[in-house]
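[1] Sequence and predicted structure below; questions after.
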Amino acid sequence: MWPNSAAAQRPNGSAATVSQKVIIVSNAQPRDLPHDQHLQAEGLACPMPLLKTKLALKTMAAGSVLWVSATDSGSWRDLHTFVELTSHQMLAAEQRDDVYHYWIQKGE
């Protein structure tokens, strides 16, 4: 789980900066990250953004990037925890207004 602290430790020991609901793991700015598929989960309540993300990733090739946009605030915790427990990688995550955006690269 990603606490609301200034820095959070990932399981692999690397630090991720958590500031105003923005996490950038790569050098690219989130809005500039290329993606292969966009999952629009706005308006869906928990646990639907997570379930739809899992289904979308199952159809994608390893290395592909899924951009998820959701309005459920619980998706922040759910998607970060999901990525930590799988081989997928969270390239970036941010909150813009009331919409949460995630760029997830599918693992092997």
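    Sure, I can see it.
[2] For the rest of this, base every contact and every neighbour count on C-alpha atoms.
    Noted.
[3] In this protein, what helix or strand scores lowest on average pLDDT?
    Taking mean pLDDT, DSSP states H and E as the measure, the chain has strand 7-9 as its least confident helix or strand, at a mean of 36.
[4] Looking at strand pairing, list the partners for the spatially closest residue to residue 40 that is not a sequence neighbour.
    With sequence-adjacent residues excluded and distances taken as C-alpha to C-alpha, 6 or more residues apart in numbering, residue 40 is closest to residue 69, at 5.2 Å. Per DSSP bridges, the residues bridged to residue 69 are residue 40, residue 101.
[5] List the residues that contact residue 69.
    Residues in contact with residue 69 (C-alpha atoms under 8 Å, 6 or more residues apart in numbering) are 38-42, 99-102.
[6] And residue 89, by the same measure?
    Here residue 89 is in contact with 83, 104-107 (C-alpha under 8 Å, 6+ apart).
[7] okay but residue 41 is in contact with residue 67, surely?
    No - the pair residue 41 / residue 67 is not scored as a contact, 10.3 Å apart, by C-alpha atoms under 8 Å.
[8] and the gap between residue 100 and residue 59?
    22 Å (C-alpha to C-alpha, to the nearest Å).
[9] Does residue 71 touch residue 47 like I think?
    No - look at residue 71 against residue 47 with C-alpha under 8 Å: they stay out of range, at 11.9 Å.
[10] neighbour-wise, which of the two wins?
    Neighbours per residue, other C-alpha atoms under 10 Å: of residue 71 and residue 47, the larger number sits with residue 71, 22 against 12.
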